[in-house]
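**Student:** Show me the folded form of this:
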Amino acid sequence: MEKKLKFMFLILSSISLQTIMSNADTQSSDHRSPCLAGKEKLTTLRFYVQDFVGGDSPTVWEIAKTNLTDVLPSAFGLVSVLDNLVTSEPEVDSKEVGRIQGIIGLTDFHEKALVMLLNLVFTEGEYKGSTLSVLGRNPLAEETREVPIVGGTGAFRMARGYAVTTTYC
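**Tutor:** The predicted structure follows:
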């Protein structure tokens, strides 16, 4: 059975926690750092990551594992790279939004939990050419998970926030 990850990115903006700064709108009429002078914005995005492990056209590839990976139920030490299609709807043939590319690893001895280093690259639409960067822990047994957004480029320069993920079957 194929599983699809549903991502809903919620990006809040200001200089405090969970923010995104847009330096494109920066006015340097004051003496603050240009990085601190952007306008505040709130952006909410919802899309689907087409994540295929195995099969005829996998999008996730195993690159390393430890001698414990096959022994522990958590699959500790398994490291993979991925390049997943991101779509506007759950169906794989729905409109492309972008790609999620990066490295994931199972890093918990006791439960299946990923450490993720991912870039969401927007390839179509309003945010084409922009990126969001995700770095954090993703405990797979939880129905709804929250992972941090730690940066971005283009429309999402200096992004900070979080992504709420669930597995869609």
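
**Student:** Helices of the chain, start to end?
**Tutor:** Per DSSP state H, the chain has no helices. Nothing in it meets that criterion.

**Student:** so where's it shaky on pLDDT?
**Tutor:** 1-40, 169 (pLDDT under 70).

**Student:** centroid residue for it?
**Tutor:** Residue closest to the mean C-alpha point of the chain, counted by CA atoms, centre = their mean, is Val134 at 4.5 Å.

**Student:** what's across from that residue in the sheet?
**Tutor:** Partner residues in beta bridges with Val134, using DSSP bridges, are Leu118, Ile149.

**Student:** Which positions in stretch 144-155 come out as buried?
**Tutor:** Of the residues in stretch 144-155, Arg145, Val147, Pro148, Ile149, Gly151, Gly152, Thr153, Gly154, Ala155 count as buried by neighbour count, 16 or more other CB atoms under 10 Å. C-beta coordinates here come from the backbone N, C-alpha and C atoms, glycine included.

**Student:** Sorry, wrong one. I was asking about stretch 43-61.
**Tutor:** Going by 16+ other CB under 10 Å, stretch 43-61 has these buried residues: Thr43, Leu45, Phe47, Tyr48, Val49, Gln50, Asp51, Phe52, Thr59.

**Student:** what do you get for stretch 101-115?
**Tutor:** For stretch 101-115, burial by neighbour count (16+ other CB under 10 Å) applies to Gln101, Gly102, Ile104, Gly105, Leu106, Asp108, Lys112, Ala113, Leu114.
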